[in-house]
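>>> Output the structure for:
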Amino acid sequence: IKLYYFEAAPPVRSVLMTIKALGLSVDLIRLNLSEKEQLAESYLKVNPTHTVPSLDDNGFIVWDSHAIIQYLVDKYGRNDDLYPKNFEQRTKVNQMLFFDTSILFPSLARSVRPVFYKGASAIPEEKVAIIEEAFTFLETFLNSQEYLTGNTLSVADICAVSTVSTVELFHQVNVSKYPKLKAWLDKMKSLDFYEANLEGLKKFSDMIMPLLKS
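Have a look, this model is predicted:
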């Protein structure tokens, strides 16, 4: 199995954490996005959308982090705890993965884009409001359960924590406003696979923090 990656990207880190949770051995092929290696003709044949991550499993190509994670757990998971085969449980996990795609991750992407590409030295207030809205949703989801889709860890939690931990670099989770979210985040950080998030999280921090006013 080959994984094309750039460790700072939250979607990549969600895949790396899933790989660690599954105990898989994967060949890592790093793409330097600042050098635009993702636009190389050889990589465009792997992933025409020139995003990371992409997975090559003996010639079977999958791109998009959520699709990769679903594929890996379905094919290599020792059980189906992370991505249940039960129809209703799986639908709940899928629902939360779509939340990550449509609301949670975009709240991060829209917040940092002005800093990386428009010379902003702070996260715009209207972008912070979008983050706070996403945090409010997460707090609601966690109101009566331990994890995002119930009382069992799933890939939805892994995808969400890669995003939330990145947001936390520049916008902390307020424990008085979001006690359930903060408890969930602390719990996720204590799990063994979370270690696979750390290198890329530091890389992202090294990229953005010098651009922000202290």
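>>> For whichever helix or strand D157 is part of, which outside residues touch it?
Using DSSP states H and E, D157 maps to helix 155-167. For helix 155-167, the external contacting residues (C-beta atoms under 8 Å, 6 or more residues apart in numbering) are 10-11, 13-14, 17-18, 21, 65-66, 69-70, 73, 82-83, 93, 96-97, 100, 104-105, 107-108, 111, 131, 138, 147-149, 173, 181, 184-185, 188-189, 193-194, 197, 201, 204. Using the backbone N, CA and C atoms, a C-beta is placed for each residue, glycine as well.
>>> contacting residues for D100?
D100 is in contact with 66, 156, 159-160, 163, counting by C-beta under 8 Å, 6+ apart.
>>> ugh, wrong one, I meant I68
I68 sits next to 3, 15, 53-55, 62 when contact means C-beta under 8 Å, 6+ apart.
>>> And the protein, what are its domain boundaries?
Listed domain ranges for the chain are 2-76, 87-211 (source: automatic domain parsing).
>>> L104 touches F135, doesn't it?
No: between L104 and F135 there is no contact under C-beta atoms under 8 Å: 9.2 Å.
>>> who's more crowded, the two?
More crowded of L104 and F135, by other C-beta atoms under 10 Å: L104, with 24 against 21.
>>> Can you give me the pLDDT of T163?
Looking at T163, its pLDDT is 98.
>>> Please apply the same query to V155.
pLDDT, read off for V155, is 98.
>>> Now for it, how many residues are close by?
For V155, using other C-beta under 10 Å, the count is 30.
>>> Same question for the one 10 residues further on.
Other residues within reach of S165, judged by other C-beta under 10 Å, total 21.
>>> Repeat that for V26.
17.
>>> How about N174?
By other C-beta under 10 Å, 12 other residues sit near N174.
>>> distance of it from I131?
11 Å (C-beta to C-beta, to the nearest Å).
>>> likewise S65?
From S65 to I131 the distance is 20 Å (C-beta to C-beta).
>>> Which one of the contacts of D100 is nearest to A120?
T163 (20.0 Å; C-beta to C-beta).
>>> how about the CA coordinates for stretch 154-173, as CSV?
This file holds the C-alpha atoms of stretch 154-173, laid out as CSV (Å, rounded to 0.1, in the frame of the first residue of the first chain):
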residue,chain,number,x,y,z
SER,A,154,-15.6,5.6,14.9
VAL,A,155,-13.7,7.0,11.9
ALA,A,156,-15.9,10.1,12.3
ASP,A,157,-14.1,11.0,15.5
ILE,A,158,-10.7,10.5,13.9
CYS,A,159,-11.6,12.8,11.0
ALA,A,160,-13.0,15.4,13.3
VAL,A,161,-10.1,15.5,15.7
SER,A,162,-7.6,16.1,12.9
THR,A,163,-9.6,19.3,12.1
VAL,A,164,-10.4,20.4,15.6
SER,A,165,-6.8,19.9,16.8
THR,A,166,-5.6,22.1,13.9
VAL,A,167,-8.2,24.9,14.7
GLU,A,168,-7.0,24.7,18.3
LEU,A,169,-3.6,26.0,17.2
PHE,A,170,-5.1,29.5,16.8
HIS,A,171,-8.5,29.3,18.4
GLN,A,172,-8.8,27.3,21.6
VAL,A,173,-11.9,25.3,22.6
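>>> Alright, calling it a day.
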